[in-house]
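Novice: I would like to see how this sequence folds:
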Amino acid sequence: MSKGELLGWARSHLECMRDTYLYGETNRCTAEAADQLRRVGYQHMAELLGGLAWQKAQYPVAGVSAFWVRCDK
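Specialist: Residues are numbered from 1 along each chain as shown. Reported below is the predicted structural model:
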């Protein structure tokens, strides 16, 4: 999803107090998206470094909220 879609999606799908793992196209994109969520109350954000490498490596995400954010607005 794009960063522009992020807040609306988060508000309808994520609990503010739940641990959430976020990764984006780049580390910078991930950090910007995490900051955006933290500003509106999502404090349990973990930023997965490595961008799409996390997805390509097929690391397990069962039982956690993980989603990918595109760098475009």
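
Novice: nearest spatial neighbour of the residue sitting nearest the centre point of the chain, chain-adjacent residues omitted?
Specialist: Centroid-nearest residue in the chain, with C-alpha atoms, centre = their mean: residue 22, separated by 2.7 Å. Excluding the flanking residues, the one nearest residue 22 by C-beta to C-beta, 6 or more residues apart in numbering is residue 34, at 5.3 Å. In this view, the C-beta of every residue, glycine as well, is placed from N, C-alpha and C.

Novice: quick one: the residue nearest to the centre of the chain and residue 45 touch, right?
Specialist: Yes. Counting by C-beta atoms under 8 Å, residue 22 touches residue 45, with 5.8 Å between them.

Novice: can you give me the helices in the protein?
Specialist: 3-13, 27-39, 52-56 (DSSP state H).

Novice: tell me the mean pLDDT over stretch 8-20?
Specialist: The average pLDDT for stretch 8-20 rounds to 84.

Novice: for it, buried residues please.
Specialist: 10, 14, 20 (16 or more other C-beta atoms under 10 Å).

Novice: hmm, back to that, joint contacts of residue 22 and residue 45?
Specialist: 34, 37 (C-beta atoms under 8 Å, 6 or more residues apart in numbering).

Novice: so for residue 31, what's the nearest residue that isn't a sequence neighbour?
Specialist: residue 47 (6.0 Å).
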